[in-house]
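Engineer: I would like the atomic coordinates for the input below:
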Amino acid sequence: MLCVGTWWLLRQRAKSIVAENPASWLRLHDDLERTQQAVMLGLAHLSESRDEATGEHLIRIRVFTRELATELVKHPKFCHIVTPEFVRRIEVSAMLHDIGKVGIADKILLKPGSLSPAERREMQRHPLISSECLSRLETTLGVSNFLQMAHEIALSHHERWDGLGYPFGLRGTAIPLAARIVAITDVYDALSSPRVYKPAFPHKQCVETIRLAAGTQFDPELVAVFLQIESQIEKLSNSLRAEDRSGNATTSSRATRADGPHDLAKPSASPTALRELERFSGTPITHITEK
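Structural biologist: As a prediction, this is how the structure comes out:
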């Protein structure tokens, strides 16, 4: 809570400085922003105590999200929203996307097998837990662009383009843009990472699985942009995972707790990859067909 208290004190001090000394205000603004980001990063890493792989996941989500958002700066449809400032905010805010999982029991969060209907319903509560946590921070600390975006992402990144997601069944552009971006990068990392209940899928299978879900789970225009930079995402993923392997010997042991071998040469989305997408999204994938 020290960072939160420091942030609050800085905000109070700012009110008395703004009118008195603009130059001092600029320096204080920088201090506020640094403290704000420290609070958010601290919250994001709370869940590391549950699963050592989470910290690595958060770093990759930050990098993948920044890469996709940076490409959207050049897109004629999104460039008026996705500005360099938007990119700066989303790469930090994205790291809080699953903060609500601290409220989910380990027996569900780390279960190696399929979730029961009751367990799935419990798992689907985590966006609401995230929302409650971030709402309390906003109440205490005041309105913040970073926190506002983090709130949107955490609450809505499991919504689906076709309206079959959760927690509210939002459809299409009713889903905040930042959440639609993170939905793609989060699923990519979930598919390409080993979990206690599955192996890591090859990059080509991950990309094909996301392609097949364009227009159903994901915003099709965002998927099109993701497909344009998928080779860059692969390079970043390989580089980050190489760093993870050099500093964390647990990765290989986690990968052994998988469902079985997979075909590294086959580029299409495997049934196992599609089942993982179903597990991740909380909705059936029988409607996903070749496009």
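Engineer: Can you give me the pLDDT of the closest residue to Q217 other than its chain neighbours?
Structural biologist: Leaving out its chain neighbours, the residue that sits closest to Q217 by Cβ to Cβ, 6 or more residues apart in numbering is R160, at 4.9 Å. Using the backbone N, CA and C atoms, a C-beta is placed for each residue, glycine as well. Looking at R160, its pLDDT reads 97.
Engineer: Could I get the full set of helices for the chain?
Structural biologist: 2-17, 22-44, 53-72, 84-93, 106-109, 117-123, 126-141, 145-156, 177-192, 203-212, 220-228, 230-247, 250-255, 271-281 (DSSP state H).
Engineer: Determine which of these shows the lowest mean per-residue pLDDT.
Structural biologist: Across the helices of the chain, the lowest-scoring stretch is helix 250-255, with a mean of 37.
Engineer: got the contact list for I184?
Structural biologist: With contact taken as Cβ atoms under 8 Å, 6 or more residues apart in numbering, I184 is in contact with 68, 210, 218-219, 222-223, 226.
Engineer: so how far is R125 from it?
Structural biologist: According to Cβ to Cβ, to the nearest Å, I184 stands 23 Å off from R125.
Engineer: repeat for A242
Structural biologist: Counting by Cβ to Cβ, the gap from A242 to R125 is 35 Å.
Engineer: on that earlier part again, verify the stated contact: the residue nearest to Q217 with T216.
Structural biologist: Yes: R160 is within contact range of T216, at 6.9 Å (criterion: Cβ atoms under 8 Å).
Engineer: And these two? Which one has more around it.
Structural biologist: Using other Cβ atoms under 10 Å, the more surrounded residue of R160 and T216 is R160, with 23 against 19.
Engineer: who touches the residue nearest to H151 when sequence neighbours are not counted in this structure?
Structural biologist: With Cβ to Cβ, 6+ apart as the criterion, H151 has its nearest non-adjacent residue at 4.4 Å, and that residue is L134. Going by Cβ under 8 Å, 6+ apart, L134 touches 96, 99, 147, 150-151, 154.
Engineer: ok, so of these, who is nearest P199?
Structural biologist: For the contacts of L134, the closest approach to P199 (Cβ to Cβ) belongs to I99, at 26.7 Å.
Engineer: Surely the closest one and S130 touch.
Structural biologist: Yes: counting by Cβ under 8 Å, I99 does reach S130; the two are 4.9 Å apart.
Engineer: Need the overlap of contacts for the two.
Structural biologist: With Cβ under 8 Å, 6+ apart as the test, I99 and S130 both reach A154.
Engineer: On the pLDDT front, check S49 for me.
Structural biologist: 58.
Engineer: ok, K77 - how many residues close by?
Structural biologist: 11.
Engineer: which residues does the residue lying closest to it once chain neighbours are set aside contact?
Structural biologist: What sits nearest to K77 in space, not counting adjacent residues and going by Cβ to Cβ, 6+ apart, is E221, at 6.5 Å. Residues in contact with E221 (Cβ under 8 Å, 6+ apart) are 75, 77-78.
Engineer: what about stretch 209-219, how long is it end to end?
Structural biologist: Start-to-end span of stretch 209-219 (Cα to Cα, to the nearest Å) is 14 Å.
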